[in-house]
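Enquirer: A structural model of the following input is requested.
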Amino acid sequence: MKRFFVIIAAILGMTAVAVAQPKAIGGRVGNYGLDVSYENYVGSGSDFLEFELGLDDAFSTSAFHFDGVYNIMIAHPDWASTGQWGFYAGPGASVAVWDSGRDENVVYAGLVGNVGLEYIFDFPLQISMSLRPRLMFGDGKVRDNGLLTLGIGVRYVF
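Expert: Okay, here's the model as predicted:
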């Protein structure tokens, strides 16, 4: 019975720590589509997990993806007297569904990378610019969206 209470206390403690971490939600638009973006900072550091669900072609519902990236904060440049700059990079994974051109959709899975620069204002707004190349495997093919996949993000920080 004592072990049960220790386990429950540990789970509640971890949940409280996860809930207390800074978060951001918003959108990201890039040369490959439109995303809904969610960030959750990890631990007491400035590294963060970024999850995005998006359309690879803003005018098509037959091509969408889910990305998960672990971003490591590399530096906080002191470029402004207010707000906070951040330079980050990290690896991740992606799952996508794309139209194969044969009246069927194909599921692809692969790797993503992320390199970005963000600015968090003194009020709860974050803007970011990032490069996110993807290498995807599926249907006996390898697809990539190139190394210059620029995206601009705007998120509400809470």
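
Enquirer: just the strands in this structure please.
Expert: 23-30, 33-41, 48-55, 64-75, 84-99, 105-120, 125-131, 134-138, 141-144, 150-157 (DSSP state E).

Enquirer: Give me the below-cutoff pLDDT ranges for this protein.
Expert: Scanning the chain for pLDDT under 70 picks out 1-21, 58-62, 100.

Enquirer: What residues of stretch 96-111 count as buried?
Expert: When burial is assessed from 16 or more other C-beta atoms under 10 Å, stretch 96-111 yields the following buried residues: A96, V97, W98, V106, Y108, G110. (Glycine included, C-beta is placed from N, CA and C.)

Enquirer: Check stretch 23-33 too.
Expert: Going by neighbour count (16+ other C-beta under 10 Å), the buried part of stretch 23-33 is K23, A24, G26, R28, G30, Y32, G33.

Enquirer: If we ignore the residues flanking it in sequence, what's nearest the last one?
Expert: For G33, ignoring the flanking residues on the chain, the nearest one in space by C-beta to C-beta, 6 or more residues apart in numbering is D56 at 4.4 Å.

Enquirer: got the contact list for the one you found?
Expert: Listed by C-beta atoms under 8 Å, 6 or more residues apart in numbering, the contact partners of D56 are Y32, G33, A63, F64, H65, A96, W98.

Enquirer: So what does it look like in phi/psi?
Expert: Dihedral pair for D56: phi -70, psi -20, per degrees, to the nearest 10.

Enquirer: how near is it to V69?
Expert: Distance of D56 to V69, computed by C-beta to C-beta, to the nearest Å: 16 Å.

Enquirer: what do you get for S81?
Expert: The gap separating S81 from V69 is 30 Å, by C-beta to C-beta.

Enquirer: Between the two, which has more neighbouring residues?
Expert: Legend: neighbour count by other C-beta atoms under 10 Å for S81 and V69, higher for V69 (23 against 5).

Enquirer: is the closest residue to that one other than its chain neighbours in a bridge, and if so with what?
Expert: Once flanking residues are discounted, V69 sits nearest to G92: 3.2 Å by C-beta to C-beta, 6+ apart. When bridges are called by DSSP bridges, G92 pairs up with V69, V112.

Enquirer: Now for G92: which residues touch it?
Expert: Per C-beta under 8 Å, 6+ apart, neighbours of G92: E50, D67, G68, V69, Y70, L111, V112, G113, N114.
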